[in-house]
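*Asks:* My questions concern the predicted model and sequence given below.
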Amino acid sequence: YIGRLARQKRLEDLLWAFELLRVLRQRDCRFVIVGDGPERESLERFAEQIGARDDVAFIGHRTDAARYLAASDLFWLASDFEGQSNSLLEAMALGVPVIASDIGPNREVIEPGVTGYLVPVGDRAAYSQTAQRLLENPAERERLRLAARDAVTRRHSVEGMVAAYAAVYDEVTGRGVPSA
């Protein structure tokens, strides 16, 4: 996870999901949380309470967050509300398979089963089960990695956004519209 440690990000859900994943994987995984915010201390205490603290790294705000993303097998985003998530787009651009909450802005970016996975908000078991399935299936992770990177490049790159804005301006001004 990379982002602000705030209540709407639902990091407690991800910590519970991670604990379930540790049970499924017999503790052969780590959860790296990059970011800071008002919930950090309570999240650290919670990780301790559920017995996962040794396998959860709270590394704080980092200017080199992309380095952590690039080294990750998966990226989780559990927000119950969000604008367009930069960390989600960055993970996909780096080819990191994504499991995110099924909310509007994430639906605009992720095509379920093609460029990532969407799970119901608060469904800790779905995060765990989807992560387990992906960790057990390198071919599926590779397929998601390539599709996500391609989708972000096509639809969310600077060049793609400029072209989309140009098309809107052409439509509004009447340029580029065939005359009748």
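*Replies:* Looks like it came in fine. Since we're looking at a predicted model, the values are computed, not measured.

*Asks:* Residue 135: what secondary structure?
*Replies:* With DSSP: H, G, I helix; E, B strand; the rest coil as the basis, the three-state label of residue 135 is helix.

*Asks:* roughly how far apart are residue 139 and residue 119?
*Replies:* 21 Å (C-beta to C-beta, to the nearest Å). For the C-beta atoms, the positions are set from N, CA and C on the backbone; glycine is no exception.

*Asks:* Have a look at the two and say which one is more surrounded.
*Replies:* Set side by side, residue 139 and residue 119 show more neighbours around residue 119, with 24 against 7, by other C-beta atoms under 10 Å.

*Asks:* Check whether the more buried one really touches residue 102, as I assumed.
*Replies:* Yes: when contacts are counted by C-beta atoms under 8 Å, residue 119 is listed as touching residue 102 (6.2 Å).

*Asks:* can you map out the helices along the protein?
*Replies:* 11-24, 40-49, 65-70, 86-93, 104-107, 124-136, 138-156, 158-173 (DSSP state H).

*Asks:* any chance of those in TSV, plus distance to residue 57 and mean pLDDT?
*Replies:* As requested, the helices of the chain are arranged in TSV below (distance: least, C-beta to C-beta, whole Å; pLDDT from 0 to 100):
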stretch	distance to residue 57	mean pLDDT
helix 11-24	11	95
helix 40-49	10	97
helix 65-70	9	92
helix 86-93	16	94
helix 104-107	24	95
helix 124-136	17	96
helix 138-156	21	91
helix 158-173	32	74
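
*Asks:* Minimum distance to residue 55: which of these has it?
*Replies:* Residue 55 lies closest, by C-beta to C-beta, to one member of the helices of the chain: helix 11-24, at 6.3 Å.
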